[in-house]
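1. Everything below, folded, please.
(2 chains)
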Amino acid sequence: MNNILMKIQNPLFHITKRASIVWWKAWIIRILAVVAALLVSGIVTLALTGLNPLKVYSTMIEGALGTSRRMWMLLQNMAILLCVALAITPAFKMKFWNLGAEGQVLIGGLATEVCMIFLGPNLPTGLLLLVMVIASVAAGAIWAFIPAFFKARWNTNESLFTLMMNYVAMQIVSFFTLLWSVPKGSGTPRMLEFGQLPVIGGQKYLLNVLIVAVLTIGMFIYLKYSKHGYEISVVGESENTAKYIGINVKKVIMRTMLLSGAICGIAGLLLVAGTDHSLKSDTAGGRGFTAIMVSWLAKFDPIFMVLTSFLIVFMEKGASKISEVYRLNASFSDILTGIIIFFIIGCEFFINYTIKFHSKSEEVRK
Amino acid sequence: MIATIINRAVMQGIPLLLGSTGEILTEKSGNLNLGIPGIMYVGAISGVSGAFLYEQAVGGQVNPALAILIPFFSCIIGSLLMGLIYCFLTVTLRANQNVTGLALTTFGIGIGKFFGGSLITLTGSDIPSISLSATSKVFKASLPFVKSLGWVGEIFFSYSFLAYLAIIIALAASFVLNKTRIGLHLRAVGENPQTADATGINVSKYKYVFTCIGSAIAGLGGLYYVMDYANGVWSNNAFGDRGWLAIALVIFAIWKPSISILGSILFGGLYVVPIYMSNISVQGVELVKTLPYVVTIIVLIITSIRNKKENQPPASLGLSYFREER
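-> Down below sits the predicted model:
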């Protein structure tokens, strides 16, 4: 009796990793996720406020893009968010979870403010701007280097370390904001007159946008075509492989974090000298965290990050218009943004894995 | 006066204690849930909404049992749902934990502020602000003989039931983690899910259950803050960065809920002490507030340098588990 028929109970489905996926299939999945997210957001809007979702969406478009002033505000916000996202991308790509961009931006901004207050009256504008750039870049880089050093040397958990550094930076900034506020101790941040970034082409934010555009292209080339970029992706894929082929992992970690912090410093410079002309502890406005989502959703590709940062800023601006028109709290945008991000994060699963369904039981010959 | 300071420090510390106990249980299962700040907001606002609707329905004449049970369970349900979203995305769909957690924080704080700011508009009532004094009074009830005990009473017996519950939860969590089989399995899941899976432990189940329990506990921290500390008054930015402090406290307590009890009082004290220091400037207070974070960083560095096995973060913290991956 060699041929015994056996009934084996199979699970309903099992999950396997895809070897690869055609790019258009991946994008169809992503687009479906966004559509699903918009549907759910619509339902949530309807349930919470009783408003017609279509009308709400058109109010959003109106609020984000309605006038040329609004468009410039959108571009400006996009530029800063994109700048921070560019900063964290190399770190994230090598799986160094830099959650400290918020703090690095603030410290860069603080360095800028110090220059503007103390050197502003004494230096010619050109020299002052140069010193400001150097100071903000250096400050951001140093702030980012501290956790990188401990990660490289003793493998200290970087996500917790960088996270804590944010709040140290925030408190330091609010210390100086109070110290330098006019009148002293009032908490109204001092307006910085000297060293404001020049206005070009009659548009206040054009310079910011151009700087970030250059950075975006630079980062794209750096990650895709330079030796450093290659080393970053190898370290991110597998630290052991990197060691095996002779990459100095510690050096790559510290170097990449210096770069990451430096660009955060530039974001701080653009915020303080190019936008607000003042500094408060909430100047970074949570962008250090939002930028992580921008970078993640774009799969660390700087060009796609333009798209994702637009999506998020559009949501913010649009939803704040909704709350203004319908007298709701402005945090409504955070709820909608959250829902969209959940869907996009979730859809990555269907890009990376496939689900194989089985018939309930199979006859197996033994 | 010292008794008053300790009293205030404990009251400041309880939300942090609940948040960190919840996060410790979560992290022990290998999930780094950075959504805790959002979850605490949702816990708080769910409790507030429950209490608000109840108070509106009965017009201020609250039944003490219902006034506790309704906010308590709305809070737990709200924060459990947040935990479920996190688990579904990170455990079932294997999404990145950092990104999911941060999105959950954005989402949760958004929910908290949205309902906090719009609850009155949405329910069409005509009161100027959310002030749940009747509910808060029930929540804050303490033992009747406290006044007669002087400073002993003030330091040890003057708190509301949620505060004692927080300490009991922390001790229970400590017991479960260290003395029970369930705790052993949980730690195995957080340290090395492959091995745990091979020995027949259901990794996903442990991750789901303990992350959700952790979220519910953290949510209670938000509820305590609103009902006890803030006397039932909701204001959108009052909760501040307490959620992140709770995560800092996890590291400070090197993943041990029992140490977290003392740590929370210490962190709470740092909030309170500047108020009683006569010679400190307005801006000086801001520098004092860096201390919990600086101390946490130092603890993090020292534990990584000493590299003792029992003081490390769970080895698989932050990583999704997929059986077929190696």
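2. Next one: residue A:153 from residue B:305, what distance?
-> Distance of residue A:153 to residue B:305, given as Cβ to Cβ, to the nearest Å: 9 Å. The way it works is simple: take the backbone N, C-alpha and C, and place the C-beta from them, glycine included.
3. Ok, residue A:160 next?
-> 15 Å.
4. repeat for residue B:21
-> 27 Å.
5. okay, the two: which has more neighbours?
-> Neighbour tally, residue B:21 and residue B:305, criterion other Cβ atoms under 10 Å in any protein chain shown: the higher count belongs to residue B:21, 33 against 13.
6. Residue B:187 reaches residue B:314, doesn't it?
-> Yes: if you go by Cβ atoms under 8 Å, residue B:187 and residue B:314 touch, sitting 7.3 Å apart.
7. joint contacts of those two?
-> Residues touching both residue B:187 and residue B:314 by Cβ atoms under 8 Å, 6 or more residues apart in numbering or on different chains: residue B:28.
8. The two - which one has more neighbours?
-> Counted by other Cβ under 10 Å, residue B:187 and residue B:314 do not tie: residue B:314 has more neighbours, with 22 against 19.
9. ok, the nearest residue to that one once chain neighbours are set aside - how many residues close by?
-> Spatial nearest neighbour of residue B:314, excluding adjacent residues (Cβ to Cβ, 6 or more residues apart in numbering or on different chains): residue B:190 at 3.5 Å. Residues contacting residue B:190 under the criterion other Cβ under 10 Å number 26.
10. Now do the same for residue A:212: its pLDDT.
-> pLDDT for residue A:212: 92.
11. Give me the phi and psi angles of it.
-> In terms of degrees, to the nearest 10, the main-chain angles of residue A:212 are phi -70, psi -30.
12. Phi, psi for residue A:355 please.
-> According to degrees, to the nearest 10, residue A:355 has phi -110, psi 130.
13. Can you tell me who it pairs with across the strands?
-> Note on residue A:355: beta-bridge partners by DSSP bridges are residue A:15.
14. how about the helices in chain A?
-> Remark: helices assigned in chain A by DSSP state H are A:23-49, A:53-65, A:68-93, A:101-114, A:125-154, A:158-180, A:206-225, A:227-237, A:239-244, A:249-271, A:287-297, A:302-325, A:332-352.
15. With respect to chain B, which of those helices lies nearest?
-> The minimum distance between chain B and those falls on helix A:332-352, with 2.6 Å, by Cβ to the nearest Cβ.
16. any idea how far that closest one is from the chain center?
-> 15 Å (Cα atoms, centre = their mean, to the nearest Å).
17. same check, this time on stretch B:233-242
-> 14 Å.
18. ok, is it in contact with chain A or not?
-> Yes: for stretch B:233-242, a contact with chain A is found by Cβ under 8 Å from any Cβ of the partner chain, at B:236, B:241.
19. Now do that stretch, average pLDDT.
-> 80.
20. Endpoints of that stretch, how far apart?
-> 17 Å (Cα to Cα, to the nearest Å).
21. What lies in contact with that stretch?
-> Against stretch B:233-242 from outside (Cβ under 8 Å, 6+ apart): A:167, A:170, A:329, A:331, B:15-16, B:19, B:37, B:40-41, B:44-45, B:48, B:112-113, B:116-117, B:129-132, B:136, B:221-222, B:225-226, B:230.
22. How about the contacts made by residue B:312?
-> B:303, B:304.
23. For the nearest residue to residue A:338 once chain neighbours are set aside, which three-state class applies?
-> Counting by Cβ to Cβ, 6+ apart, residue B:107 is the residue found nearest to residue A:338 once chain neighbours are left out, at 2.7 Å. Of the three states, residue B:107 takes helix under DSSP: H, G, I helix; E, B strand; the rest coil.
24. what's the neighbour count on residue B:107?
-> For residue B:107, using other Cβ under 10 Å, the count is 25.
25. so what pLDDT did it get?
-> In this prediction, residue B:107 has a pLDDT value of 91.
26. from memory it sits against residue A:332, does it?
-> No: with contact defined as Cβ under 8 Å, residue B:107 does not count as touching residue A:332 (11.6 Å).
27. circling back: quick check: the gap between the residue nearest to residue A:338 and residue A:26.
-> 25 Å.
28. Tell me the residues of the stretch 1-150 of chain B that contact chain A?
-> B:32, B:34, B:85, B:88-89, B:93-96, B:98-100, B:102-118, B:121-122.
29. what's the helix or strand for the residue nearest to residue B:314?
-> helix B:181-191 (DSSP states H and E).
30. What is the subsequent helix or strand relative to that helix?
-> Counting by DSSP H and E, what follows helix B:181-191 is helix B:193-198.
31. what packs against that next one?
-> Judged by 3 or more Cβ pairs under 8 Å, 6 or more residues apart in numbering or on different chains; DSSP states H and E, the packing partners of helix B:193-198 are helix B:181-191, helix B:203-224.
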